[in-house]
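>>> turn this into a structure:
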Amino acid sequence: MHKRKAIFRLMILCGVILPGIIYAQTPQIVNKSKKEAIMTTGKNKTNDEAQVRQQIDNFVKAFRTRDLNLMMSLYAPDFVAFDIVPPLQQVGTATYRNVWEQVFAFFQHPIDFETRDLSIVTGTDVAFSHQLLRLQTTMPNGQKVDRWERLTFGFRKIDGVWLISHEHVSVPADLFSGKAILDLQP
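Okay, here's the model as predicted:
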């Protein structure tokens, strides 16, 4: 009888108590690893967001200063744009370089470019941002431009650098007339 109780106690010790002790210790080790992973991920996310923000700042700088080389350095080779100007889409940086050459030739100095309500979301190798932008400049005919547009970027991290792989620029349109509404403000 004592032998059975001793075996029973040993079974309880081995089957319930020891696994319970091991289980109680395991989450602490796992949680420590998770905490370290979360801290690393948090640092990476903050760093990635800062890098994406820098690329957006570079975009604004390139637009304001008409720096075609800086502008084109921001785009991935397989870039696709849904821009405010025709056609429906532009594919590839060579094609889009022509668009920027035309834009820079069209608008007179100075080109003022303001962004507002920037939101950035990053993943491991993709990110996107959306924002409102205000474009203030003068056309060749002397007409002043002062309008708000919507700008969305899709980024891919290529060789450690966040590059724009998709750009979408738009303005609201009146569904009944089909005309763009250019006088809205945030």
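
>>> doesn't residue 86 belong to a strand?
No: under DSSP: H, G, I helix; E, B strand; the rest coil, residue 86 sits outside any strand and is assigned coil.

>>> need the phi and psi values for it.
With angles defined as degrees, to the nearest 10, residue 86 sits at phi -60, psi 160.

>>> pLDDT score assigned to it?
pLDDT, residue 86: 88.

>>> contacts only, for it.
Counting by C-beta atoms under 8 Å, 6 or more residues apart in numbering, residue 86 touches no other residue. (Each C-beta comes from the backbone N, C-alpha and C, glycine too.)

>>> residue 164 bridge partners, please.
Applying DSSP bridges to residue 164 gives these bridge partners: residue 75, residue 155.

>>> so residue 59 touches residue 74, yeah?
Yes: taking C-beta atoms under 8 Å as the definition, residue 59 is a contact partner of residue 74 at 5.7 Å.

>>> any common contacting residues for those two?
Common contacts of residue 59 and residue 74 (C-beta under 8 Å, 6+ apart): residue 164.

>>> all helices for the chain, in order.
2-12, 18-65, 68-73, 93-106 (DSSP state H).

>>> determine how far the last one lies from the middle of the whole chain.
For helix 93-106, the distance between its averaged C-alpha position and the chain's averaged C-alpha position is 23 Å (C-alpha atoms, centre = their mean, to the nearest Å).

>>> buried residues, that helix. List them.
93, 96, 97, 100, 103, 104 (16 or more other C-beta atoms under 10 Å).

>>> got the buried residues for stretch 142-160?
147, 148, 149, 151, 153, 154, 155, 156, 157.

>>> measure stretch 65-74 end to end?
End-to-end distance of stretch 65-74 (C-alpha to C-alpha, to the nearest Å): 15 Å.

>>> list the buried residues for it?
Using 16+ other C-beta under 10 Å as the test for burial, stretch 65-74 gives 66, 71, 74.

>>> roughly how far does the residue nearest to the spatial centre of the chain sit from residue 157?
Taking C-alpha atoms, centre = their mean, the centroid of the chain lies closest to residue 128, which sits 2.5 Å from it. Residue 128 sits 12 Å away from residue 157, going by C-beta to C-beta, to the nearest Å.

>>> one more: residue 130?
The gap separating residue 130 from residue 157 is 18 Å, by C-beta to C-beta.
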